[in-house]
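Enquirer: have a look; sequence and predicted model below, questions after that.
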Amino acid sequence: MLRSRTKLIELGKRQLCRSMCKSSELTLVEVDDKTGIATLTMNKPPVNSCNLEFLRALKSAMKEIESNKCSGIILTSSNDKVFSSGLDLNELRQPNPERLATFWKELQEMWVTLYLSNVPTAAAINGHALAVGCVMAAACEYRVMLPDFTIGIHATKFGYVVPPFIVNTYLSVLPHPVVERALLQGKIFSTQEALQINLIDEVVNSKDEALCKCADFIGSFEQTNPVARALTKRQLRAPFAKQLLEDPETELRESLEYINTPLFQESLDQYLLQLKKKNKK
Ligand SMILES: CCCCC/C=C\C/C=C\C=C\CC(=O)SCCNC(=O)CCNC(=O)[C@H](O)C(C)(C)COP(=O)(O)OP(=O)(O)OC[C@H]1O[C@@H](n2cnc3c(N)ncnc32)[C@H](O)[C@@H]1OP(=O)(O)O
């Protein structure tokens, strides 16, 4: 009882000393004056689907947070049901070639920025995290999730080949056989299932509790040297990012080719129809 009251007081304090850093319409960044932790809130209605502008806003917010020497990043959502619904599928449908290339490069850069961030990263998953939404959470160092939501990469279910950097994000969190089965089945996990396979670290009952846990995780590095920590993280993660760092053009070319195939475009049309139909019922 006393412990939970202390926690609540702590939480109150944390909220009080939070100050606004920089926001765009699509992202909101708040920095805790005491801890230096930045909370990056995704705010693209209705479901944080990643279009070109949103990917740019996310990347630029993360870079800004790093350059302001914040002590860590907590990634979360302003929507209390959806963390992120992944890529904005409209960017992939009958695309303008130039915009698609720019979009995919932004995706690559946003991923590298988050995955190799110098500062500790934590995801407060306060809603569904699908496809690239799951990838963003998995690219963080720590994940805490609210009950009764879903998380996973279901690309193969609707005719998408999973790009290597997405496979690698899973591989840096989960064992190979688990990744293989999950990706080949296009498996979407419930919060409880995600906990069982260690795709997430903890389950909590509220967003405030999630933010608190993430702050505690970031605080656990207080006694470490930030440069040594960042370089060690880079060393551990570099093998998974190698392909994208050394040869982003090949990944870009292969993805664009694939997205432009009739097979992909037909599956996408059907999938988008299903998504819209669901809302008309
Ligand atoms: C070796 C070569 C390899 C090459 C590889 C190349 C390419 C790979 C290609 C693609 C990889 C893609 C990865 C992705 O991230 S694809 C995105 C997949 N995401 C989804 O499938 C999520 C779909 N959404 C949902 O399931 C639900 O929306 C959700 C559970 C998230 C929320 O449900 P809720 O009921 O709250 O909201 P909805 O009413 O369903 O949605 C509101 C509104 O938003 C539209 N919408 C939802 N998600 C998307 C999206 N991802 N993109 C675009 N639009 C989306 C939805 O249609 C609704 O619109 P409207 O009916 O209100 O107009």
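Expert: Perfect, thanks for sending it.
Enquirer: stretch 48-57 near the ligand at all?
Expert: Yes - under the criterion of Cβ under 6 Å from any ligand atom, stretch 48-57 makes contact with the ligand via residue 49. To be clear about C-beta, it is placed using only N, CA and C from the backbone, and glycine gets the same treatment.
Enquirer: in contact with the spatially most central residue of the chain, which residues?
Expert: The C-alpha lying nearest the average C-alpha coordinate of the chain belongs to residue 136 (Cα atoms, centre = their mean; 1.7 Å). Residue 136 makes contact with 75, 84, 114, 123, 129, according to Cβ atoms under 8 Å, 6 or more residues apart in numbering.
Enquirer: in this structure, what residue spans correspond to strands?
Expert: Counting by DSSP state E, the segments of the chain that form strands are 18-23, 27-32, 37-42, 72-77, 82-84, 121-125, 128-130, 142-145, 150-152, 188-190, 202-203.
Enquirer: for the ligand, what are the nearby residues on the stretch 1-150 of the chain?
Expert: Contact residues, the stretch 1-150 of the chain versus the ligand (Cβ under 6 Å from any ligand atom): 46-47, 49, 81-82, 85-90, 128, 130-132.
Enquirer: just the buried ones out of these, please.
Expert: Neighbour counting over these (16 or more other Cβ atoms under 10 Å) leaves 47, 49, 82, 85-89, 128, 130-132 as the buried ones.
Enquirer: from those residues, which land in helices?
Expert: Those of those mapping onto helices are residue 132, per DSSP state H.
Enquirer: check contacts around the residue in the stretch 101-250 of the chain that the ligand sits nearest to.
Expert: Across the stretch 101-250 of the chain, no residue is closer to the ligand than residue 131, which sits at 2.9 Å (Cβ to the nearest ligand atom). Applying Cβ under 8 Å, 6+ apart to residue 131 gives the contacts 85-87, 153-155.
Enquirer: run the last query once more with 7 Å
Expert: 86-87, 153-155 (Cβ atoms under 7 Å, 6 or more residues apart in numbering).
Enquirer: show me what contacts the residue lying closest to residue 152 once chain neighbours are set aside?
Expert: Closest residue to residue 152 in three dimensions, ignoring its sequence neighbours and counting by Cβ to Cβ, 6 or more residues apart in numbering: residue 188, at 3.8 Å. For residue 188, the contacting residues are 150, 152, 154, taking Cβ under 7 Å, 6+ apart as the criterion.
Enquirer: just list whatever residues bridge to the second one.
Expert: Put plainly, it is residue 152. Beta-bridge partners of residue 152, counted by DSSP bridges, are residue 130, residue 188.
Enquirer: per-residue confidence at it?
Expert: Per-residue confidence (pLDDT) for residue 152: 98.
Enquirer: most surrounded residue in the contacts of residue 188?
Expert: Going through the contacts of residue 188 with other Cβ atoms under 10 Å as the criterion, the one with the most neighbours is residue 152, at 25 neighbours.
Enquirer: right, and it touches residue 187 too?
Expert: Yes - when contacts are counted by Cβ atoms under 7 Å, residue 152 is listed as touching residue 187 (5.5 Å).
Enquirer: tell me which residues of stretch 185-198 are tucked away?
Expert: 186-189, 191, 194-195, 197.
Enquirer: ok, now stretch 71-83?
Expert: For stretch 71-83, the buried set under the neighbour-count rule, 16+ other Cβ under 10 Å, comprises 71-77, 79, 82-83.
Enquirer: what about the closest residue to residue 89 other than its chain neighbours, neighbour count?
Expert: Sequence neighbours aside, residue 272 is the residue nearest to residue 89 in space, at 5.8 Å (criterion: Cβ to Cβ, 6+ apart). Residue 272 has 15 neighbours, counted by other Cβ under 10 Å.
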